[in-house]
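**Q** no sequence on this one, just coordinates:
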């Protein structure tokens, strides 16, 4: 799957991406999902790519998504509290 996660601020998007990477590299995750591994081809925090060509892109409301498609879009905290 191609997943895009959008948050209001890039700081939050990056924090959630770090959390996702941490989970995907944990021992318990590897036991539950033995065929899902992060690829070394793109170690950038904003885009996690799996060895089976899945991905998770982290961006903010003002971020660039031009030309990017996805199977699942997660929008978290997309509006200012004001």
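**A** Yep, it's here. Just so it is clear, the structure is predicted and the values come from calculations on it, not from any experiment.
**Q** pLDDT of stretch 52-70, averaged?
**A** Averaged across stretch 52-70, pLDDT comes to 85.
**Q** ok, now stretch 20-34?
**A** 95.
**Q** may I have the distance across that stretch, first residue to last?
**A** 16 Å (CA to CA, to the nearest Å).
**Q** roughly how far out does that stretch sit from the chain middle?
**A** 14 Å (CA atoms, centre = their mean, to the nearest Å).
**Q** now that stretch: buried residues?
**A** 20-21, 24 (16 or more other CB atoms under 10 Å). To be clear about C-beta, it is placed using only N, CA and C from the backbone, and glycine gets the same treatment.
**Q** residue 7 contacts residue 60, doesn't it?
**A** Yes. Here residue 7 lies in contact with residue 60, judged by CB atoms under 8 Å, at a distance of 5.8 Å.
**Q** need the overlap of contacts for those two.
**A** residue 13 (CB atoms under 8 Å, 6 or more residues apart in numbering).
**Q** who's more crowded, those two?
**A** More crowded of residue 7 and residue 60, by other CB atoms under 10 Å: residue 7, with 22 against 19.
**Q** can you pull the contacts of that one?
**A** Applying CB under 8 Å, 6+ apart, we find residue 7 in contact with 13, 16, 58-61, 75-78.
**Q** and for residue 56?
**A** 3-5, 17, 20, 47-48.
**Q** which ones among the contacts of residue 7 lie within helices?
**A** Within those, residues falling in helices by DSSP state H are 13, 16.
**Q** so what's the residue most central in space within the chain bridging to?
**A** By CA atoms, centre = their mean, the chain has its centre lying nearest to residue 56, at 3.3 Å. Applying DSSP bridges to residue 56 gives these bridge partners: residue 3, residue 48.
**Q** show me where the protein has strands.
**A** Listed in chain order, the strands of the chain (DSSP state E) span 2-7, 47-49, 55-60, 72-76.
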